[in-house]
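[1] Next one to model:
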Amino acid sequence: TMPKEPAVLRQNILDTTAAILACGIDPKKCFLFRQSLVPEHAELAWILGCLTNVPRLQRLPQWKMKCASQNSEGTVGLLTYPVLQAADILLYKSTRVPVGEDQVLHLELAQDIAQHFNKKYGEFFPVPKAILSEL
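    Residues are numbered from 1 along each chain as shown. Here you go, the predicted model:
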């Protein structure tokens, strides 16, 4: 949600990929891809954003904290980021999502969006459940 220098962004992508591989992820056993190269993420986020009301997003604690720290100058990207997160989860029809305590409300938003979409258009998205870790 914050502008980055293109060279820094490219390096961050390479560094993150290296870290994932260093953790033991085997690319022969899983798919490893750059989300930004999959246009369906942004397309689904747009569709889901059209089903999500602004007051709901403005009530999320992360929005309130970031907006306060930016002197009430929060960006649309920051406001709608939880909808993109919901699209990331729902696009793959995820049923279980590992989250930290700080992301539970964002997962609840994804659950609500899935339920709203299913009610309006028929059962399509599973309603994902949280996998909470004590770590």
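[2] CA atoms of the helix or strand of the chain with the lowest mean pLDDT as CSV?
    Using mean pLDDT, DSSP states H and E, helix 61-69 stands out as the lowest-scoring helix or strand of the chain, at a mean of 81. As requested, the backbone C-alpha atoms of helix 61-69 are provided in CSV (Å, rounded to 0.1, in the frame of the first residue of the first chain):
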residue,chain,number,x,y,z
PRO,A,61,-8.5,-1.6,13.6
GLN,A,62,-5.6,-1.7,11.1
TRP,A,63,-7.3,1.0,9.0
LYS,A,64,-7.9,3.2,12.1
MET,A,65,-4.3,2.9,13.3
LYS,A,66,-2.7,3.5,9.9
CYS,A,67,-5.0,6.4,9.1
ALA,A,68,-4.3,8.0,12.5
SER,A,69,-0.6,7.6,11.9
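[3] what about the nearest residue to residue 109 once chain neighbours are set aside, which helix or strand?
    Excluding the flanking residues, the one nearest residue 109 by Cβ to Cβ, 6 or more residues apart in numbering is residue 82, at 5.2 Å. For every residue, glycine as well, the C-beta is placed using N, CA and C. Assigned by DSSP states H and E, residue 82 falls within helix 76-91.
[4] Show me what that helix is packed against.
    Applying 3 or more Cβ pairs under 8 Å, 6 or more residues apart in numbering; DSSP states H and E, we find helix 76-91 packed against helix 39-49, helix 54-58, helix 61-69, helix 104-121.
[5] any idea how far the residue nearest to the spatial centre of the chain is from residue 35?
    Nearest to the mean C-alpha position of the chain, by Cα atoms, centre = their mean, lies residue 85 at 1.4 Å. To residue 35, residue 85 is 11 Å away according to Cβ to Cβ, to the nearest Å.
[6] just how off-centre is the helix or strand just after the helix holding residue 82 within its chain?
    Beyond helix 76-91 on the C-terminal side, the first helix or strand identified by DSSP H and E is strand 96-99. How far strand 96-99 lies from its chain's middle: 12 Å, per Cα atoms, centre = their mean, to the nearest Å.
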